[in-house]
Structure formats: C-alpha cells, structure tokens
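*Asks:* here you go, sequence then predicted model.
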Amino acid sequence: MKKYTLKRTDPEHAPSYLIPYEKELNENQLSAVTFGSGPSLVIAGAGSGKTRTLVYRVARLIESGVSPASILLLTFTRKAARQMLDRAAALVGTQTEKVAGGTFHSFSSSILREYASAVGFSASFTILDRADGEDIINLIRGRLGLTDRERRFPKKETIGEIFSKAVNRAVPVAGVIEQEYPHFAHETEKLLEILAAYTEYKQAHMLMDYDDLLVHLVRLLEKNEGIREALKKRYRYILVDEYQDTNGLQARIVELLGGGAGNVMAVGDDSQSIYSFRGAHFKNIMDFPTLFPGASVIKLEENYRSTQSILNLANVIIDRAREKYTKILWTKKGTGTLPALVPLPDEPSQSRFVAQRILDLREEGVPLSDICVLFRAGFNSFDLEIELKKRNIPFVKHGGFKFMETAHVKDIVAHIKVLVNPRDAVGLKRVLMLVENVGPRTEEEITGSVLSAPRITEGLAPFAGDRRFGEGIGRLSRVLASLEGRDLNPAETVERLLEYYTPIAKRRYDDHPKRLEDLEHLAIIARKYRSVESFLTDMALEPPSDSISDITREDPDPERLILSTIHSAKGLEWHSVFIIWAAEGYLPTTYAAESADDLEEELRLMYVAATRAKENLTITFPIKIITHRGPAFGRPSRFIEDIGEDVLETWSVEEE
C-alpha cells in the first residue's frame, strides 16, 4: 500500500493569514501575538491594550493551524474569558468555542471531575459555596461546644475567612490569626481543631469548597506524573491573564502544566499588583523567568488611555519602586494638561474644592459619569459624600460602604436620634436590639414603656433589674441619662456614645477594630457641627441605593459621579480623576509603612490610581488633619513628594 504523509502545519511558517495583524497591532503587541514556541512574559503597562493582545494571540494561534482544543485561556473572571473568546470569534469564527477558557477555579473543577478518583473523591463531588462552607463550620463549632454565649469565639464567617486566607496566602492559620485577628490568638488551638474536623467532614461527604479546587488540582498534578503529562499534551498553549494577581497555588498550576518547554504566555503588569490581601503574590510575576528558564519578556509600553503629562507622572511614581520590570509608558495622544497637586487647609476644604471642580468640569462638558474620585479606604470619602449631597451632586460608590450603609455608623446615629426625638420608635428599636439578650418580644415591651414615659430613662427603669438583660439596659440608661435633656455637642455626644458602644462592637463584630476606626472618623466629622440637629440632618440625606456592580448596567440616570476605592477602580478609566487623601498615613497607610513589601504595594496603588485618568488628574490632601488623638500636620504622600513642577503642578487655593 502506498503511503502519503500529511505534513503538520508549522505555526511559525503558516502560508497566509486573513487578519492583517501588522495593521491592527503596534510593534510590541505584534511581537507578543506572533510569538513562537516556548514561555513568554508579556508585561502590559496600564492602558497598553492587554486584552486586545490576548484576543489576537488566540486568533493567531488558530489561524496558524493550532487546534483550538489545545489552547487553555486562564482568567480571573468568567466574564473576562467569555468577552475575550467572543472577540476572538469575531475574528476567526466559531472555532473559538473549542478553546478551554475560564477561571482557575472552573478549570480545576473540570479536571478534578475527570480524575476525581486520583484525589480520593467521586466525580459527583459537590462544590460548596461560601455560605455552605460557613454552615458546616458552624455545625462543627457547635459540636465542639464553642457556641456558648459566655465565650467570645469567632463567628462562622470569620473562621471561614481565616481558613481561606491561610490557603490562598500559603501561610499557617496561626500566622493569619497573629497578623489580622490577634484578639483571637488564644483560640488558635480550637480553630485548628475546627479546621481538621472541617477537612475531614468535606472528604467524608465528597465536598470541596472553592479553595479546595486549587489545592486538590495542585496535589493531583504533583503526585500523578502520568496525568500531568497527559494534560500537558492536551493543552499545548497556555495563556494566563492578569498574572500579577495569581496566588501561590495558581502559579504552581501554571508551572506544573507548562513546565519544561511548555508554551506558556503570562500577561500582566507588576506595577498593578495590588491584591495581596486576597492572596495575590507579587513575586509570581517577578519570578516567572526563573520558573520558566529562557522565557522571553515582551513589554507593552504604548498607552492608549492617558495624555503624556499623566503618563510622565505615572512613570516617575513607579520608578521609585524597589523591585520592578522597568518600562516607560508613552502615547501618541498628545501632551495634555499637567496633573495638579492641591494642598487644602483641612478635610472640609478638600471636600468643597473637589465638589466645586467637579461642577466646573461638568460645565465644561465632561459628564459626571466620566469623572471619578479615588481614595485608599472607604471612610476617606465620608466627608466628601456629605458635601456632594449638600450640592445635590448624584454619585455611586465603588468599594467600601457608603457612609450611612455601615451598620456600626447606623447604630451610633440611632442613639442620637433617640436623644433628639424620644418618640423615634425605629431608632429606639435599633438601640434596644443592641442590648445583649433583648429579643424582638422584649424590645416591643420596652419600646412601649419608653414611648409612654415622659423621659427615656424613666421608661427603661422598670427593666433594669431583669436578670437576663438588666445589666445591658442599665448601661444604656446611664449613657442616655448623661446626655438626655442637655444642649448636646455633636462631637462630645459621638465620643461618649463610642465609649458605650465599644464593648457592643467587640461582641457583635469580629472585625471590630476596623469598625471602631470608622466611628472615630465619625467623631471627627461631628466636630464640624454646632448642633446635633444639623448633624442628623446631613446624616439623614437619602444615599444612592445602587451598588458598585450596577455601574456596568444600563443606568436610567447616567449623570452620576463615581466614587471608588483604588482597589475597585483597577481596569477602569475616566476622563477626569481626583485622588483624595494623598497624604502620609493615608496613602501609604501608617500600617503599611512598617513593612517594605506593604509599602511597595501602596506605591503601586498610587500608580494604579494615577493611570485611571485620561485627560485630567488632580491629587489633593489636607494640611490640617483631625485625628482621635487631636490635630496633626498633613504632608503629601512620599510617593508624590519632591516631584518637579514640570511634572506635577502645585495649585494654591484661596477662599472667596
């Protein structure tokens, strides 16, 4: 029989392409898209067309004759994978449907179901969502007798968070407790006991939580060479998006599947590695060339978002990083106006300035929806939110909480409402339900007594001797008596209530240190007011009801300003951007200054914030800062200090 050999198409020497890659891509993007065999790291600077590069890379591989089923695209959201493959499909057709694309977790799930027996599970194992996992933890917590009300033990949500952080950060549970929950350090042994029982329970009942998917896939690949080699042959080309956001387990999966001469292309930006609190490990992207010897490093430095003046500032900021892939962002957009550094006398002045400039920009034709105010932490915008409401400037907030949506702030304000209006049954109900052992029925009974009495304390008096909740009612009565009937000073009132509320917060919230910090800021805001009535009036203004996730939907009122934490703003862009509270102790935070690695991440946060702006960038900070310890002198963040006027222009603001 005569044989005829059908030669395999060499991806490097495909005869022709339907897509005009040279016209669609810049030089460096083209280098990444047409890269041949072996590992490569694409350092994609902010606004440099990272997604476009990945889309065209998929299309190029398919046009080169690579089987779509042998391409694995790993992302951090299902939406990102779907959008990339849809865009690739628009270029090369429905062949992209065979590409294995999805999140690390969805990929892990599919492989583990295929090889479940190798990790001691059945293929029909159940994946627990967060709530399911917490319920099992609570069940075990109860079996171990750790639900006694007399004992202050972490709640199920906190326990689940501790376990998850330990897995994703590859640190012992004891380390997580020491770093973030030191007030539970004495319970470490019991928490480890819960973890052991939780792990055993999941195995016995064929259950995996989200973290287990990564853990078991790594174990499968490490302990089963045959399976590992089979998967490496199946997925000849591996593409990883946002590689700087991978944790240790995810990086290990990429290494195991693409080790040796594997065709791994990792795309990311070391300068935008800002999610260590989620377990992302900055070293992963820095160590990629070590894990994959001979890897080519391709840099995307042409920016399609910002003016050169904004990029010049971003380049100066990131040049101060201790460890980085050096890159210089540039653009063809033009120079544009210089970014501005605006020192303001105090926080209220900062809020008034930002609000006025936003209205100025709107008059110049910039829609509110194309203006964003960025900040390090959610509470940094509280004072600004009040100012925006006064001026009737609508806004939505990304990340953190709106001021009046935080339960602990609502709790304090409820007490003040009751002092001002003893007939406020809604506020009274909230206040009473904070008292330990007071349930709905008891609350109704006490409320009836208070509403029928001439003074709040007289209505509470009959219940102060009850053995179940009398002690709590007594404490409440004493703090209200110390304030009732007086000409209340807002700041003193908040501070007095904060003393009363602190043990309640410690009992109710596992993250009480953060919540108490918010309330200290509330006391600072209260100092602006002469009367509690004016304070409550501003606090009671109706906040926007939309959540951050709604911003991508079609908005019936698109004319709304964006407020956002920097973490929530990554990947987004606006015509004009304000960075507020760019002061030492706030960006970077005081805590970050104690660690070199944390300080580096704070620097990258400033870089991410600056590169969100397309045309205008304004950075502000207050000179006089009021803290719970008293006034302090504010100075600009070390990340922007001593930058020349030719890069960052200083503005002087005068009162009219």
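*Replies:* Thanks, I have it.
*Asks:* confirm residue 264 sits in a strand?
*Replies:* Yes: according to DSSP: H, G, I helix; E, B strand; the rest coil, residue 264 belongs to a strand.
*Asks:* mind listing what the nearest residue to residue 530 once chain neighbours are set aside touches?
*Replies:* What sits nearest to residue 530 in space, not counting adjacent residues and going by CB to CB, 6 or more residues apart in numbering, is residue 490, at 7.6 Å. No exception for glycine: its C-beta is placed from N, CA and C like everyone else's. Residues in contact with residue 490 (CB atoms under 8 Å, 6 or more residues apart in numbering) are 526-527, 529-532, 535.
*Asks:* please repeat the previous calculation with a cut-off of 6 Å.
*Replies:* 526, 529, 532, 535 (CB atoms under 6 Å, 6 or more residues apart in numbering).
*Asks:* shouldn't the last one be within a helix?
*Replies:* Spelled out, that is residue 535. Yes: residue state for residue 535 (three-state DSSP) corresponds to a helix.
*Asks:* so the spatially most central residue of the chain is in which element?
*Replies:* Nearest to the geometric centre of the chain sits residue 567, at 4.7 Å (CA atoms, centre = their mean). Assigned by DSSP states H and E, residue 567 belongs to helix 566-569.
*Asks:* which strands or helices does that helix pack on?
*Replies:* helix 596-610 (3 or more CB pairs under 6 Å, 6 or more residues apart in numbering; DSSP states H and E).
*Asks:* distance from the helix or strand following the helix it packs on to the middle of the chain?
*Replies:* Going down the chain from helix 596-610, the next helix or strand is strand 613-627, by DSSP H and E. Relative to the chain's own centre, strand 613-627 is displaced by 21 Å; criterion: CA atoms, centre = their mean, to the nearest Å.
*Asks:* residues in contact with strand 613-627?
*Replies:* Under the contact criterion CB under 6 Å, 6+ apart, strand 613-627 has outside partners 305-306, 310, 339-347, 350, 524, 573, 575-580, 582-583, 632, 634, 636.
*Asks:* quick one: neighbours of residue 3, just the number.
*Replies:* 4 (other CB atoms under 10 Å).
*Asks:* for it, phi and psi?
*Replies:* The phi/psi pair for residue 3 (degrees, to the nearest 10) reads phi -100, psi 150.
*Asks:* then residue 284?
*Replies:* Residue torsions, per degrees, to the nearest 10, at residue 284 are phi -60, psi -50.
*Asks:* so which helix or strand takes in the residue nearest to it when sequence neighbours are not counted?
*Replies:* In this structure, residue 284 finds its nearest non-sequential neighbour in residue 251, 4.3 Å apart by CB to CB, 6+ apart. Using DSSP H and E, residue 251 maps to helix 248-258.
*Asks:* and what of residue 498?
*Replies:* Going by DSSP H and E, residue 498 is in helix 490-508.
*Asks:* pLDDT below threshold where in the chain?
*Replies:* 1, 6-15, 148-151, 260-261, 400-405, 485, 537-558, 628 (pLDDT under 70).
*Asks:* at 50 instead, please
*Replies:* 14, 541-556 (pLDDT under 50).
*Asks:* now residue 222: which helix or strand?
*Replies:* Using DSSP H and E, residue 222 falls in helix 210-223.
*Asks:* and the angle from that helix to helix 248-258?
*Replies:* 40 degrees (axes from the mean of the first three to the mean of the last three CA atoms, to 10 degrees).
*Asks:* list the residues that contact the closest residue to residue 432 other than its chain neighbours.
*Replies:* Once flanking residues are discounted, residue 432 sits nearest to residue 443: 4.6 Å by CB to CB, 6+ apart. The contact partners of residue 443, taken as CB under 6 Å, 6+ apart, are 429, 432-433.
*Asks:* circling back to that earlier point, what sits up against the next helix or strand after the helix holding residue 567?
*Replies:* Following helix 566-569 in sequence order, the next helix or strand is strand 574-579 (DSSP H and E). Strand 574-579 has contacts (CB under 6 Å, 6+ apart) with 354, 361, 366, 370-374, 609, 612-619.
*Asks:* same check on stretch 289-298?
*Replies:* For stretch 289-298, the surrounding residues in contact (CB under 6 Å, 6+ apart) are 31-32, 39-42, 255.
*Asks:* buried subset of these?
*Replies:* Buried subset of the contacts of stretch 289-298 (neighbour count, 16 or more other CB atoms under 10 Å): 31-32, 39-42, 255.
*Asks:* same list (those) but as TSV, adding secondary structure and distance to residue 498.
*Replies:* TSV is the format used below for the buried ones among the contacts of stretch 289-298 (DSSP: H, G, I helix; E, B strand; the rest coil; distance: CB to CB, whole Å):
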residue	secondary structure	distance to residue 498
31	helix	58
32	helix	54
39	coil	55
40	strand	55
41	strand	50
42	strand	50
255	helix	50
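*Asks:* identify the farthest-apart pair in those residues.
*Replies:* The most widely separated members of the buried ones among the contacts of stretch 289-298 are 31 and 255, with 23.8 Å between them, by CB to CB.
*Asks:* quick revisit: remind me what the following helix or strand past the helix holding residue 498 packs against, helices and strands.
*Replies:* Later in the chain than helix 490-508, the nearest helix or strand by DSSP H and E is helix 512-526. On a contact count with 3+ CB pairs under 6 Å, 6+ apart, helix 512-526 meets helix 490-508.
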